[in-house]
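In: Okay, sequence plus prediction incoming.
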2 protein chains.
Amino acid sequence: MGDQPIQESLLEAERGPQTGMQLITSMLEKLLQADDHPRVVGIGIGSTGPTDPIQGLIVNPGTLPGWVNVPIVSWLEQRFQVPACLENDADAAALGEYWQGAGKGARRLYAITVGTGIGTACIIDGKVYRGAGGFHPEGGHLIVDPGGPACYCGGRGCWESLASGTAIAESMRRQLGKQPGADLPNAKAIAEAARQGHPLARRVIESAAESFALGVFTVLMTFFPELIVLSGGVMRSYDLFQPAIERALQDASVYLPVERVQIVQAQLGYYAGIYGAAYAIMKRNHDGLSA
Amino acid sequence: MGDQPIQESLLEAERGPQTGMQLITSMLEKLLQADDHPRVVGIGIGSTGPTDPIQGLIVNPGTLPGWVNVPIVSWLEQRFQVPACLENDADAAALGEYWQGAGKGARRLYAITVGTGIGTACIIDGKVYRGAGGFHPEGGHLIVDPGGPACYCGGRGCWESLASGTAIAESMRRQLGKQPGADLPNAKAIAEAARQGHPLARRVIESAAESFALGVFTVLMTFFPELIVLSGGVMRSYDLFQPAIERALQDASVYLPVERVQIVQAQLGYYAGIYGAAYAIMKRNHDGLSA
């Protein structure tokens, strides 16, 4: 997977939409000042959700403070006089993998990104599956174990609360009897310790892997996609998750022809969203937007 | 909801596909002998799954003994010289509700039938959502509580094993400490007893309702459909399930705009599948089959 070429701080999203939009605009202007810049046919945007792809709004008070109903699409369309479109970042990354990465040609692709949280996207025949009103479903919050921890999503024991990188670190914290916020190893360090045989780290990772596999089982039963594409920091430790995932496939094979399902790693890393946003605007220019 | 006009025994499915196909053929011939029979443009079939809608095969050794890879579509096409098509019965019923019932015009309809088991279907823009190879996903087996009972699907604590009519009767049996197979009240009788205040029956129904609502929460997070259509014998006791379902909607509203989601009762009862099978063949004649 590629490294992240642009530091997040560069956008300074926390300084609010006015500043953020000025930065985005000036970056685009810089690109267009080059004598040999390619013709711009449109601008595709991937953004952390929630987004409103139909209205072209970023609606994200949680991780982008102040970005509430920011009309980024109409803003950029007016400024640069080309069509623009907005996708949730999980959808953009999945579209990228579909177009240029691990998902080429898959008729039904289900993408699962496991990092700080769990993001999901479903691409059917090259088109993003959208929920009511065009909203992005939050598959990372499907229920895995109702005895699990409460999540900010309103549920208890959802996938993200039990199998994300944050959940892994939290689980270790609880096992160590530390207070919330204590300085403790992150999921990557815990995975490394588990790989080296640390018993507590192994228990924490194995438990997260079991929870992750339960979610995969539910994805198989509900979407039965022919391709599941895994990405995100936690999936760099796929070797530690693989045994549980294979048991889930084995369990599901009792009832479904799981030999038709492939589970693969994403190929484009950080660039997936960039490819996907480009694909989204090209496709939109070609087909029109489908809500 | 309508009553079932054709007794299941009439088809005598358990006598195998040869006898069954002869019965189906002779019923169709009888219809065509009437002087004023309408022009037949095609034959739509809904069948208990698993089915292979692309190849037109019934593949159901479980509930239709001997019906393994039965080419019902090519069989009927050759005999009657019109196009035929096959849908899983849950898909057919959901298509029927979409065309003529509770789901008219819904862009994303998720149907949940709760009877002996739990069947699901997803209709997107009037088309059945199909899984890999055209197979019907089995949403009734999404995981609700991994501490629950083992299911024939290969999972543990799946939706059907905790919230179907069979699960309700089983739960009562266990609570009463009876052996499997003992002659005990069915889900309908248990619901009636719960409504009259019987404490054990209330506990059993409330627990099933909680499990059912967890599955609804997962459907909201994964599909976020604008319409959920409920049907099946157990949903005739919807009043007993409603409080838990409303709590699930409330919980999900923390993260998703659930005011965009409607939950309604099916309108066509037994006829839903018949309407849906008819719609499927008309649509196929018009658009071609999409796998």
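Out: In hand now; what should we look at? Numbering: from 1, shown residues only, chains lettered A, B, ... in the order given.

In: Now do the contacts for the nearest residue to residue A:210 once chain neighbours are set aside.
Out: Nearest non-adjacent residue to residue A:210, counting by Cβ to Cβ, 6 or more residues apart in numbering or on different chains: residue A:244, 5.2 Å away. Backbone N, C-alpha and C define where each C-beta goes, glycine included. Applying Cβ atoms under 8 Å, 6 or more residues apart in numbering or on different chains, we find residue A:244 in contact with A:206, A:209, A:210, A:212, A:213.

In: helix, strand or coil for residue A:244?
Out: In three-state terms, and counting by DSSP: H, G, I helix; E, B strand; the rest coil, residue A:244 is helix.

In: Could you tell me how far it is located from chain B?
Out: 12 Å (Cβ to the nearest Cβ, to the nearest Å).

In: Equivalent analysis for residue A:171, please.
Out: Applying Cβ to the nearest Cβ to residue A:171 and chain B gives a distance of 16 Å.

In: What of residue A:202?
Out: 20 Å.

In: Leaving out sequence neighbours, find the closest residue to that residue.
Out: Nearest one to residue A:202, counting by Cβ to Cβ, 6+ apart, is residue A:194 at 4.5 Å.

In: just checking, the one you found touches residue A:209?
Out: No. Between residue A:194 and residue A:209 there is no contact under Cβ atoms under 8 Å: 9.6 Å.

In: if I look at these two, which residues touch both of them?
Out: residue A:240.

In: give the contact list for the residue nearest to residue A:202.
Out: Residue A:194 neighbours (Cβ under 8 Å, 6+ apart): A:201, A:202, A:204, A:205, A:206, A:240.

In: If we use 6 Å, what do you get?
Out: Taking Cβ atoms under 6 Å, 6 or more residues apart in numbering or on different chains, we find residue A:194 in contact with A:201, A:202, A:205, A:240.

In: How many residues are close by the residue lying closest to residue A:59 once chain neighbours are set aside?
Out: Here the nearest residue to residue A:59 in space, its sequence neighbours aside, is residue A:50; by Cβ to Cβ, 6+ apart that works out to 4.9 Å. As a burial measure, residue A:50 scores 19 neighbours (other Cβ atoms under 10 Å in any protein chain shown).

In: so after the longest helix along chain A, what's the next helix or strand?
Out: Identified as the longest helix of chain A according to DSSP state H is helix A:199-222. On the C-terminal side of helix A:199-222, the closest following helix or strand by DSSP states H and E is strand A:227-231.

In: got the end-to-end distance for stretch A:157-172?
Out: One end of stretch A:157-172 sits 16 Å from the other (Cα to Cα, to the nearest Å).

In: Measure how far it is from the centre of its chain, please.
Out: Stretch A:157-172 sits 16 Å away from the centroid of its parent chain (Cα atoms, centre = their mean, to the nearest Å).

In: so for that stretch, what's the average pLDDT?
Out: Mean per-residue pLDDT for stretch A:157-172: 96.

In: Next: stretch A:96-115.
Out: The model assigns stretch A:96-115 a mean pLDDT of 97.

In: Report the buried residues of that stretch.
Out: Neighbour-count burial for stretch A:96-115, counted by 16 or more other Cβ atoms under 10 Å in any protein chain shown, picks out A:96-103, A:106-115.

In: Show me the residues you listed that map onto strands.
Out: Secondary structure from DSSP state E places A:108, A:109, A:110, A:111, A:112, A:113, A:114 of these in strands.

In: Let me see the contact set for the second one.
Out: When contacts are counted by Cβ under 6 Å, 6+ apart, residue A:109 touches A:98, A:103, A:123, A:227.

In: Give me the subset of the residues you listed lying in helices.
Out: residue A:98.

In: which among the contacts of residue A:109 gets closest to residue B:153?
Out: Distances from residue B:153 to the contacts of residue A:109, taken as Cβ to Cβ, are shortest for residue A:227 (21.8 Å).

In: My read is that that closest one contacts residue A:106, right?
Out: Yes. Using Cβ atoms under 6 Å, residue A:227 is in contact with residue A:106, at 4.0 Å.

In: Next, the contact list for residue A:200, please.
Out: Each residue near residue A:200 by Cβ under 6 Å, 6+ apart is listed here: residue A:175.

In: One more: residue A:199?
Out: By Cβ under 6 Å, 6+ apart, the contact set of residue A:199 is empty.

In: Quick one: the strands in the stretch 51-200 of chain A, in order.
Out: For the stretch 51-200 of chain A, applying DSSP state E, counting those that start in this stretch gives strands covering A:51-52, A:57-58, A:84-88, A:108-114, A:118-124, A:127-128.

In: deepest of the ones you listed, which one?
Out: Highest mean neighbour count of the strands of the stretch 51-200 of chain A: strand A:108-114, a mean of 27 (counted as mean count of other Cβ atoms under 10 Å in any protein chain shown).

In: pretty sure residue A:226 contacts residue B:130?
Out: No. Counting by Cβ under 6 Å, residue A:226 stays clear of residue B:130, with 10.6 Å between them.

In: Which one of those two is surrounded by more residues?
Out: Neighbour count, other Cβ under 10 Å: between residue A:226 and residue B:130, residue B:130 has more, with 22 against 18.

In: Just give the nearest non-adjacent residue to the closest residue to chain B within the stretch 1-150 of chain A, would you?
Out: In the stretch 1-150 of chain A, the residue that lies nearest chain B is residue A:131 (2.7 Å; Cβ to the nearest Cβ). Nearest residue to residue A:131 in three dimensions, chain neighbours excluded: residue B:224, at 2.7 Å (Cβ to Cβ, 6+ apart).

In: tell me which parts of the stretch 151-291 of chain A are close to chain B?
Out: A:153-155, A:214, A:217-218, A:221-224, A:226, A:251-252, A:254-255, A:260-261 (Cβ under 6 Å from any Cβ of the partner chain).

In: Is it possible to mark the buried ones in those residues?
Out: Neighbour counting with 16+ other Cβ under 10 Å marks A:153-155, A:214, A:217-218, A:221-224, A:226, A:251-252, A:255, A:261 as buried within those.

In: Max pairwise distance over those: which two?
Out: A:154 and A:226 (31.6 Å).

In: Pull stretch A:110-127 out as PDB, backbone CA atoms only.
Out: Output in PDB follows, covering the C-alpha atoms of stretch A:110-127 (Å, rounded to 0.1, in the frame of the first residue of the first chain):
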ATOM      1  CA  TYR A 110     -17.700  -5.100  -1.000                       C
ATOM      2  CA  ALA A 111     -14.800  -3.100   0.400                       C
ATOM      3  CA  ILE A 112     -13.900  -3.100   4.100                       C
ATOM      4  CA  THR A 113     -11.400  -0.600   5.500                       C
ATOM      5  CA  VAL A 114     -10.200  -1.300   9.000                       C
ATOM      6  CA  GLY A 115      -8.300   1.500  10.600                       C
ATOM      7  CA  THR A 116      -9.300   3.900  13.300                       C
ATOM      8  CA  GLY A 117     -12.800   2.800  12.500                       C
ATOM      9  CA  ILE A 118     -14.400   0.300  10.000                       C
ATOM     10  CA  GLY A 119     -15.600   1.800   6.700                       C
ATOM     11  CA  THR A 120     -17.500  -0.200   4.100                       C
ATOM     12  CA  ALA A 121     -18.600   0.400   0.600                       C
ATOM     13  CA  CYS A 122     -20.500  -1.700  -1.900                       C
ATOM     14  CA  ILE A 123     -19.900  -1.300  -5.700                       C
ATOM     15  CA  ILE A 124     -22.500  -3.000  -7.900                       C
ATOM     16  CA  ASP A 125     -21.700  -3.100 -11.600                       C
ATOM     17  CA  GLY A 126     -19.300  -0.200 -11.200                       C
ATOM     18  CA  LYS A 127     -21.800   2.000  -9.300                       C
END
